[in-house]
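>>> below are the sequence and a predicted model; questions follow.
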Amino acid sequence: MRICLAAYNHRLAALFDNASRLLLYDVDGAALHPAGEVHPPERGAASRVAAVLACGAEVLVCGALSRCTRYILSDSGLVVWDWVRGDIDEVLSAWSRGRLQDLSMPGCQRAVPCCLRSKQE
């Protein structure tokens, strides 16, 4: 499986639209292996969505994401973990332990983070 982290500098981008890099990791059991980096187009949700889908990722981990963009990504078959925050190493560690929900952004006012809601309904 391949995961994509929407990053800005050394952290997860607070807003998907502001991500300057898409960091790719291949998951092999509990191990994560760097699989490359993509620099998404600077503007336009459609071109950013296309960049994520073109990199072969099955999972996107990102900060805040518009509902419309989230639906487009989800409808394309991508598993979306949005409203996540933290340094890249912290996010990768949480992923490896199955604890991404521990990194929910303070702005997420839902009792169950968006990324978990669709799995529980």
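Received it, and whenever you're ready, just let me know what you need.
>>> helix or strand: which one has L53?
helix 45-54 (DSSP states H and E).
>>> buried residues in that helix?
A45, R48, V49, A51, V52, L53 (16 or more other Cβ atoms under 10 Å). For glycine as for every other residue, the C-beta is placed from the backbone atoms N, C-alpha and C.
>>> and if you look at stretch 93-104?
In stretch 93-104, counting by 16+ other Cβ under 10 Å, buried: A94, W95, L100, L103, S104.
>>> which residue sits closest to the residue nearest in space to the middle of the chain in space, ignoring its chain neighbours?
Centroid-nearest residue in the chain: V61, 1.5 Å away (criterion: Cα atoms, centre = their mean). The spatial neighbour of V61 that comes closest, neighbours along the chain excluded (Cβ to Cβ, 6 or more residues apart in numbering), is W81 at 4.6 Å.
>>> got it, and Y25?
L32 is the one closest to Y25 (Cβ to Cβ, 6+ apart), at 4.5 Å.
>>> pretty sure the one you found is in a strand, no?
Yes. L32: assigned to a strand according to DSSP: H, G, I helix; E, B strand; the rest coil.
>>> just the residues contacting the helix or strand where V91 lies, thanks.
Here V91, judged by DSSP H and E, is contained in helix 88-97. Here helix 88-97 makes contact (Cβ atoms under 8 Å, 6 or more residues apart in numbering) with 3, 5, 7, 10-12, 23, 25, 30, 32, 61, 84, 86, 100, 102-103.
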